[in-house]
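J.: Just the structure for this:
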Amino acid sequence: MSDINALTQKLIQFRNERDWEQFHKPKDLAIYVSLEAAEVLEHFLWKSEAEIKEYLKSHKEDMADEMGDVINCLLLLANAADIDIIQAGENKLKKNAKKYPIEKAKGNAKKYNQY
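T.: Numbering: from 1, shown residues only. Predicted coordinates for the structure are as follows:
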């Protein structure tokens, strides 16, 4: 597993070498996250479950590239907002554990306010 801080630093160096920091304001990075996530979704559009299963096998690199774009722009947004993304993920997992206790959530897809 790669180190997330090292990846963030590589992204910042890449950005700075191209003088792109001027374009990487939090609003723009948030939009960028959404746009890149939509590109992940595009790979699933109009496909059946069987087609998706095969597509994921045959287009693994394409999917990895799109997911790479999502994580890269998310790391840049976290950096711009001074948020420790790993800590944020851990904190959110703890909150979700309270909202979705095993005894109520196991095996169902209801939202926490529906049980």
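
J.: Tell me which other helices or strands the longest helix anywhere in the chain touches.
T.: Of all the segments assigned as helix in the chain under DSSP state H, the longest by residue count is helix 60-80. Contacts defined by 3 or more C-beta pairs under 8 Å, 6 or more residues apart in numbering; DSSP states H and E place helix 60-80 against helix 4-17, helix 26-42, helix 85-99. Every residue, glycine included, has its C-beta placed from N, CA and C.

J.: How far away from the center of its chain is the last one?
T.: The gap between where helix 85-99 is centred and where its chain is centred comes out at 15 Å by C-alpha atoms, centre = their mean, to the nearest Å.

J.: Likewise for the second one?
T.: Remark: helix 26-42 is offset 9 Å from the chain centroid, using C-alpha atoms, centre = their mean.

J.: And the contacts of the helix or strand just after it?
T.: Next along the chain after helix 26-42, taking DSSP states H and E as the criterion, comes helix 49-58. Applying C-beta atoms under 8 Å, 6 or more residues apart in numbering, the contact partners of helix 49-58 are 43-44, 47, 63.
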